[in-house]
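>>> sharing a sequence plus its predicted fold:
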Amino acid sequence: MAKRSISKGVIKDIVIVGVGVLVIWFGLTLAFGTQNPFYVVASGSMIPELEVYDVLIVQGHEPFEDLEIGDIIVFNRPSDHNRVIVHRVVSIINDDPITLRTKGDANPASIPGTDFPITEEEYIGKVVYTLPQVGYITQLLKPPINYVIIVVVIGIMVVKQITKRKKEKKITFSDQLDSENQDTIKELSDIDKIEKDSEYSEHVEKSEITEDKKIDSDESTKTDDKTPEKDKEE
């Protein structure tokens, strides 16, 4: 029973954490207008503006047509869409449809198929904020470290459930002892009351017997006092 209760408690905690993460992530995607509002810089093409492992916050609600030269944007590589690039807009090469050319700050020139042509189809969002070096955490979470962290978290949950069960048992046992003590005190009180009532009853009975004896004695004395008088008259 204890194991089942612990398992249910751990599953409940995991579900709560999972639901919480999903709710937060869903809220962020709505707020920033992109499926992934966070990106980690993986190369040095934007040094010194962006360093490797900087985390970028990307705003997908920024309209593509409102982008200007100098903006740093996140987009899918136009040649195959299998890689995400973070570069700076350096020119507008076409107005209909709007087509941009980008370049990494540390690169000597724009790379065809990577930096241009960028259309609205490739566009993901505009970089609005940078969290320096926070991306190191993602490196730490790679296997096997992430599995170790998961095991530790689950272990903490199990310990938490065991501690909770022990506290509940301790409280229940304490309440049971209190209840038994109260019952014992009540029983002792009832016994004491019975003894007192018994003592009182015995005292009353003795008192009544004494009174009865006294009355009989008085009556006998009175009778004796009257008898000589009658004899005298005769």
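Received, thanks.

>>> longest strand of the protein?
strand 84-95 (DSSP state E).

>>> who touches the helix or strand that comes right after that strand?
Using DSSP states H and E, the helix or strand that follows strand 84-95 in sequence is strand 98-103. Outside strand 98-103, the residues that touch it by Cβ atoms under 8 Å, 6 or more residues apart in numbering are 64-65, 67, 73, 75, 85, 87-93, 109-110, 115-120. Yep, even glycine has a C-beta here, placed from its N, CA and C like the rest.

>>> of those residues, keep whichever come out buried.
Neighbour counting by 16 or more other Cβ atoms under 10 Å classes 64, 67, 73, 75, 85, 87-90, 110, 115-116, 118 among the contacts of strand 98-103 as buried.

>>> JSON lines please, covering those residues and showing pLDDT and distance to Ile154.
Below are these laid out as JSON lines (pLDDT from 0 to 100; distance: Cβ to Cβ, whole Å):
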{"residue": "Phe64", "pLDDT": "96", "distance to Ile154": "44"}
{"residue": "Leu67", "pLDDT": "96", "distance to Ile154": "45"}
{"residue": "Ile73", "pLDDT": "97", "distance to Ile154": "40"}
{"residue": "Phe75", "pLDDT": "97", "distance to Ile154": "39"}
{"residue": "Ile85", "pLDDT": "96", "distance to Ile154": "38"}
{"residue": "His87", "pLDDT": "97", "distance to Ile154": "41"}
{"residue": "Arg88", "pLDDT": "97", "distance to Ile154": "44"}
{"residue": "Val89", "pLDDT": "97", "distance to Ile154": "46"}
{"residue": "Val90", "pLDDT": "97", "distance to Ile154": "49"}
{"residue": "Ser110", "pLDDT": "96", "distance to Ile154": "49"}
{"residue": "Asp115", "pLDDT": "96", "distance to Ile154": "45"}
{"residue": "Phe116", "pLDDT": "96", "distance to Ile154": "48"}
{"residue": "Ile118", "pLDDT": "97", "distance to Ile154": "44"}
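
>>> nearest to Leu22 among those?
Distance ranking of those against Leu22, using Cβ to Cβ, places Phe75 first at 26.8 Å.

>>> which secondary element of the chain has the worst mean pLDDT?
Ranking every helix and strand in the chain by mean pLDDT, DSSP states H and E puts helix 145-233 at the bottom, with a mean of 61.

>>> how does this structure divide into domains?
Residue ranges for the domains of the chain, per automatic domain parsing: 1-7+144-213, 33-140.

>>> give me the buried positions along stretch 98-111.
In stretch 98-111, counting by 16+ other Cβ under 10 Å, buried: 98-104, 107, 110-111.

>>> between the two ends of it, how far is it?
Stretch 98-111 has its terminal residues 19 Å apart, counting by Cα to Cα, to the nearest Å.

>>> can you check stretch 45-52 too?
Terminal-residue distance, stretch 45-52 (Cα to Cα): 9 Å.

>>> what of stretch 65-77?
Start-to-end, stretch 65-77 (Cα to Cα) is 19 Å.

>>> what residues does that stretch touch?
39, 46, 49-50, 56, 58, 82-92, 98, 100, 102, 113-114, 118, 120, 122-127.

>>> would you mind measuring from the residue lying closest to Asn107 once chain neighbours are set aside to Asp115?
Excluding the flanking residues, the one nearest Asn107 by Cβ to Cβ, 6 or more residues apart in numbering is Ser45, at 5.5 Å. Using Cβ to Cβ, to the nearest Å, Ser45 is found at 10 Å from Asp115.

>>> list residues touching both of the two?
Contacts common to Ser45 and Asp115, judged by Cβ under 8 Å, 6+ apart, are 87, 104.
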